[in-house]
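Engineer: one predicted model, sequence on top.
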Amino acid sequence: MELSLTPGCLKLRLSPRERLVAMPPWRELDVPLDRIRAVRTGHPDARHLCRRAAGTSLPGYFYAGPFYRRDGAEFWYAHPRHDCLQLELKGAAYKRLVLEVEAPQSWAEHLRQAGLPVNSPRA
């Protein structure tokens, strides 16, 4: 997975293998920074994920692709027992992105420096 931060936008690009596993309807996902409500790191809560549209799910171990909760759609590419970068969005197709990236704390710091609210990890 490749993340890049440009002025005003966070770009997410999955490798061909990751796209095969997650089956997203996009090649790249551009997230305008003004759509990011909060940034978190830590172990994501995978409870109550349901109705996978496409992708892969090994409950309790690995989730990849769009998932739905009662309050909206989320995109996951993560092992819930690993530290992940979690982005809460507003006015976007996904309510939340949960991404297992290298150095999630470092990405959170980059986003904080871009002026986004970074919250402490959830327990």
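Structural biologist: Yes, it's here.
Engineer: what stretches of this structure score poorly on pLDDT?
Structural biologist: Low-confidence segments of the chain (pLDDT under 70): 51-53, 120-123.
Engineer: what ranges do the strands span in it?
Structural biologist: Taking DSSP state E, the strands of the chain run over residues 2-6, 9-13, 28-32, 36-42, 56-58, 62-69, 72-78, 84-89, 96-99.
Engineer: which non-adjacent residue is nearest residue 8?
Structural biologist: residue 33 (5.5 Å; Cβ to Cβ, 6 or more residues apart in numbering). In short, each C-beta sits where N, CA and C put it, glycine included.
Engineer: that neighbour is in contact with residue 6, isn't it?
Structural biologist: No. Counting by Cβ atoms under 8 Å, residue 33 sits too far from residue 6 to count as a contact (9.3 Å).
Engineer: residues in contact with the longest helix belonging to the chain: which ones?
Structural biologist: Counting by DSSP state H, the longest helix found in the chain is helix 104-113. Helix 104-113 has contacts (Cβ atoms under 8 Å, 6 or more residues apart in numbering) with 3, 5, 10, 33, 36, 39-41, 83-85, 101, 118.
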